[in-house]
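Chemist: I need the structure of the sequence given here:
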Amino acid sequence: MSKQHRPGAIQMIPLDQIDVLNPRERNNRIFEKIVSNIKAIGLKKPITVTPRPLAGGEERFLLICGEGRLKAYQSIGEPTIPAFVVQVDDEEAFIMSLAENIARRQCRPLELLAGIGQLRDQGYDKQVIAQKTGLCLDYVKGILTLLEHGEERLLVAVENGRIPLNTALEITRVGNDEKDVQAALQEAYESGQLRGKQLTQARRIVLQRQSLGRTVSACHISRKTPTEVTTNSLVRSYQREVDRQKLMIKKAEFAQQRLLFIVGALRQLFANENFTTLLRAESLETLPTYLAERVWSGGH
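Modeler: Down below sits the predicted model:
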């Protein structure tokens, strides 16, 4: 499906002859650091390009990796940049660009993982994708499953290390039923897949998934193309807010039920003379006012 690229040579390429293959938004802090390093010590690693001459004979190049370095050169006004020139087709260029981003982990998770989906759409099987990207086969299989189900929120959580891939796949498998999802989280906790903060984060992600949906489109839409406000978009926004409010009410009711249970338990304990005697002996016979008012109607 693809051909091997031949080793090339480093050349000085005019910046205005280079087209970006996979343009990505940049972190301003990291970009400024790249610019300052280049100003101080020069370019340590050339960019990689492949030639794409136009029909009229104009010489053009397609950028495979090094967009940050390319933009840094543009920002400081350099007319040319050192580039490693390789001879590859469009498909191989895309794979090389994706593999570079995976190795560096500097692109946003959804962009990175969507690239794995593009390789699948181009006809590569999971084994080949794993080999070309250097990722584990089970990881590639799991990511493709989440992509097929539109689980962007879970994808971001997995890539950021907030929840394990197996847990995300189990949540996807059980669907949107709240009881089934909570049961999956409980099973993951008991089996040791989720521990400590991970369980809390997983519950938070599940709540966001239920109230805001599986996608996080608003987080990765380009700022250059503002979303048009339509009747349907307003209705969707209203529905999301209604769902959020319903979830908030449900959580409040759950907290109230717990509080009533605690109050009932305290009333039974304080009705036991042996228990109250023990509290007095330990100088623990008083309660905070707001709690005492709920345990006893008049407060103590």
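
Chemist: going forward, measure contacts and count neighbours with C-alpha atoms only.
Modeler: Will do.

Chemist: so where's the chain uncertain?
Modeler: Scanning the chain for pLDDT under 70 picks out 1-8, 21-22, 24-27, 30, 99-113, 133-134, 196, 216-233, 297-300.

Chemist: domain ranges for it?
Modeler: The chain resolves into domains spanning 1-107, 109-114+125-227, 247-295 when parsed by automatic domain parsing.

Chemist: distance from the chain centre to the shortest one, please.
Modeler: Right, domain 247-295. A distance of 41 Å separates the C-alpha centroid of domain 247-295 from that of its chain, computed with Cα atoms, centre = their mean, to the nearest Å.

Chemist: and it, end to end?
Modeler: 28 Å (Cα to Cα, to the nearest Å).

Chemist: re earlier: let's have the domains of the chain in JSON lines, adding distance to Gln239.
Modeler: Formatted as JSON lines, the domains of the chain follow (distance: least, Cα to Cα, whole Å):
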{"stretch": "domain 1-107", "distance to Gln239": "30"}
{"stretch": "domain 109-114+125-227", "distance to Gln239": "9"}
{"stretch": "domain 247-295", "distance to Gln239": "12"}
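
Chemist: quick one: closest of these to Val235.
Modeler: domain 109-114+125-227 (13.6 Å; Cα to Cα).

Chemist: can you give me the buried ones in the longest helix along the chain?
Modeler: Longest helix of the chain, by residue count under DSSP state H: helix 231-270. Across helix 231-270, burial judged by 16 or more other Cα atoms under 10 Å covers Arg240, Asp243, Arg244, Leu247, Val263, Leu266.

Chemist: OK, contacts around the third one?
Modeler: With Cα atoms under 8 Å, 6 or more residues apart in numbering as the criterion, the residues that contact Arg244 are Ser211, Leu212.

Chemist: roughly how far apart are it and Glu152?
Modeler: Counting by Cα to Cα - Arg244 and Glu152 are separated by 19 Å.

Chemist: which stretches of the chain form helices?
Modeler: Going by DSSP H, the chain shows helices at 28-41, 67-75, 90-104, 109-121, 126-133, 137-148, 152-159, 165-174, 178-190, 197-212, 217-220, 231-270, 273-281, 289-295.

Chemist: give me the angle between the first one and helix 67-75.
Modeler: So the one you mean is helix 28-41. 60 degrees (axes from the mean of the first three to the mean of the last three Cα atoms, to 10 degrees).

Chemist: tell me the helices and strands packed up against helix 28-41.
Modeler: Helix 28-41 sits against helix 67-75, with contacts defined as 3 or more Cα pairs under 8 Å, 6 or more residues apart in numbering; DSSP states H and E.

Chemist: now the helix it packs on, how far from the centre of its chain.
Modeler: On Cα atoms, centre = their mean, the centre of helix 67-75 falls 26 Å from the chain's centre.

Chemist: show me what it packs onto, helices and strands only.
Modeler: Short answer (3+ Cα pairs under 8 Å, 6+ apart): helix 67-75 packs on helix 28-41, strand 47-51, strand 80-85.

Chemist: which residues outside it are in contact with it?
Modeler: Here helix 67-75 has contacts from 15, 20, 23, 26, 31, 34-35, 38, 43, 47, 79-81, using Cα under 8 Å, 6+ apart.

Chemist: check which residues of that helix are buried.
Modeler: Glu67, Gly68, Arg69, Leu70, Lys71, Ala72, Tyr73, Gln74.

Chemist: closest one of these to Leu199?
Modeler: Nearest to Leu199 among the buried residues of helix 67-75, with distances taken as Cα to Cα, is Gly68, at 36.4 Å.

Chemist: please report the distance of the closest one from Gln11.
Modeler: 18 Å.
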